[in-house]
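Asker: Sequence and predicted structure are below.
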Amino acid sequence: MAEEIIPIPNLSLPQHLFTLSTSNFQKLHDNARKELLEGIKADKMAPYYRLVTSAGALTSDSALLESMEKDNEEELKKLDERLAEAEKQEGESEISDALKARANHLTRIGDKERAVAAQKLALEKTPGLGSRIDIVLTLIRLGFFFGDNGLIIENLPKAEKFIEEGGDWDRRNRLKVYRGLHMISIRQFKTGGALLLDALSTFTATELTTYNDFVALTIIVNALTLKRVDLKKRLITAPEVISVLPEIPTLGDLLNNLHDCHYAKFFVALATLEQTYLLPSRLLSPHTRYYVREMRILAYSQLLESYRSLTLESLSGAFGVSVEFVDSELSRFIANGRLHCTIDKVHGIVETTRPSLKNAQYDKVIKQGDVLLNSIQRLSKVLY
């Protein structure tokens, strides 16, 4: 049985900081400011408070900072004394526990540099595989907390290695969520979505995100990457999704209208999702334009696959937008090779041009053949 994961650092705080640093979300600022300050006070996060106030997200309160710093120093002094005592009189296990307690304290208060160093030291001195996995997961969470992609990339392979050496079922499933979030953060939506979907029925990684936010993220990412038949089988009818959708109806509208081909309602749901969930999300905000564009392409492709030709008027009616908007958007996607169709502007018709599978296979063979011939020529020059 896995030990309970301590939810440190508090990963809701960077989201509140993101909200405060974005001027477009003024109506969310009061609540974000309140939640951020309460979270900092709860964990006595003096180093993080310094960082936040220097960025102008919160007004600096010198009395509060002094109080938290005093508490941090007293707690660290106790932990250092406990570590010194363990090193003098006790065994390897007690030393490991003292090192982990000290590292966790620095992690909780948001002292990044010292926390990372302390966690790495604890990792070196900790013998148990389960505890080592937990330390590496904590280092990954520090990466998520501070937006340090290098720290995440450094420690994900370590976690995977330890899990393969004998990680239990719970930690194995937690790691899927960690990997999935990282993949989504670097716009690897297909890989990230598959990992989240695998963890949907066994989710326990509440130290990373709430259950509802996890399900919402799983829906958002997989709505883009799953085929229509899998959308129904793996998302729409999934008990975990059904239980959460009443609380986030926009996602229900997005999923069901895409699957049921109600494209005008789908466009409305997509626009609502963009404003209420994608842009305000620290994780998804950098990918919002990409996501909305790809979802539109998906919807256009899904409709066009059913017809040899359509009038621009009927197409615009299906999506609930103007003829000019459809004409402009399709033209851009066609020019970029994202939609296989042509527009006859004279007659106001869109004709699909399905790519030939045999032609695609032929082009692939030619390209691979050229690569092979070039490699052989380079090799012959070396040998002769």
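Answerer: Happy to help now that I have it. Numbers count the residues shown, from 1 in each chain.

Asker: State the pLDDT value of Val382.
Answerer: On pLDDT, Val382 comes in at 67.

Asker: now swap in Pro355 and tell me
Answerer: Looking at Pro355, its pLDDT is 64.

Asker: lowest confidence element among the helices and strands of this protein?
Answerer: One helix or strand of the chain scores below all others by mean pLDDT, DSSP states H and E: helix 357-383, with a mean of 74.

Asker: Give the buried residues for that helix.
Answerer: Within helix 357-383, no residue counts as buried by 16 or more other CB atoms under 10 Å. For glycine as for every other residue, the C-beta is placed from the backbone atoms N, C-alpha and C.

Asker: And stretch 243-255, by the same measure?
Answerer: Applying 16+ other CB under 10 Å to stretch 243-255 flags Val244, Leu245, Ile248, Thr250, Leu251, Gly252, Asp253, Leu254, Leu255 as buried.

Asker: hang on, the earlier thing: show me what the least confident helix or strand of the chain is packed against.
Answerer: Packing contacts for helix 357-383, counted by 3 or more CB pairs under 8 Å, 6 or more residues apart in numbering; DSSP states H and E, involve no helix or strand.

Asker: all helices in the stretch 251-384 of the chain, in order from the N-terminus.
Answerer: Assigned by DSSP state H, counting those that start in this stretch, the stretch 251-384 of the chain shows helices spanning 263-273, 288-304, 312-319, 323-335, 357-383.

Asker: would you turn the ones you listed into TSV with distance to Val221?
Answerer: Putting the helices of the stretch 251-384 of the chain into TSV (distance: least, CB to CB, whole Å) gives the following:
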stretch	distance to Val221
helix 263-273	12
helix 288-304	9
helix 312-319	23
helix 323-335	21
helix 357-383	27
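
Asker: Those: which one's closest to Glu240?
Answerer: With CB to CB as the measure, helix 263-273 is the member of those nearest Glu240 (19.1 Å).

Asker: Can I get that closest one in CSV? Just the C-alpha atoms.
Answerer: In CSV, the C-alpha atoms belonging to helix 263-273 read as follows (Å, rounded to 0.1, in the frame of the first residue of the first chain):
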residue,chain,number,x,y,z
TYR,A,263,-22.3,22.2,-35.5
ALA,A,264,-23.9,25.6,-34.8
LYS,A,265,-24.4,24.6,-31.1
PHE,A,266,-20.8,23.1,-31.1
PHE,A,267,-19.4,26.4,-32.3
VAL,A,268,-21.2,28.2,-29.5
ALA,A,269,-20.0,25.7,-26.9
LEU,A,270,-16.4,26.0,-28.3
ALA,A,271,-16.5,29.9,-28.0
THR,A,272,-17.9,29.6,-24.4
LEU,A,273,-15.2,27.1,-23.5
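
Asker: Give me the distance from it to the chain's centre.
Answerer: Between the centre of helix 263-273 and the centre of its chain there are 22 Å (CA atoms, centre = their mean, to the nearest Å).

Asker: Could you figure out how far it is turned away from helix 288-304?
Answerer: If you take axes from the mean of the first three to the mean of the last three CA atoms, to 10 degrees, helix 263-273 sits at 170 degrees to helix 288-304.

Asker: Who are the packing partners of helix 263-273?
Answerer: Where contact means 3+ CB pairs under 8 Å, 6+ apart, helix 263-273 is packed against helix 249-259, helix 288-304, helix 312-319.

Asker: so the longest one versus helix 323-335, what angle?
Answerer: Right, helix 288-304. Per the same axes, to 10 degrees, the angle that helix 288-304 makes with helix 323-335 is 100 degrees.

Asker: contacts for helix 288-304?
Answerer: Residues from elsewhere that reach helix 288-304 (CB atoms under 8 Å, 6 or more residues apart in numbering): 187, 189, 220, 223-224, 228, 258, 261, 263, 266-267, 270, 274, 278-279, 284, 310, 315, 318-319, 329-330, 333, 338-341, 350, 352.

Asker: by how many degrees do that helix and helix 249-259 diverge?
Answerer: Using the same axes, to 10 degrees: helix 288-304 against helix 249-259 is 30 degrees.
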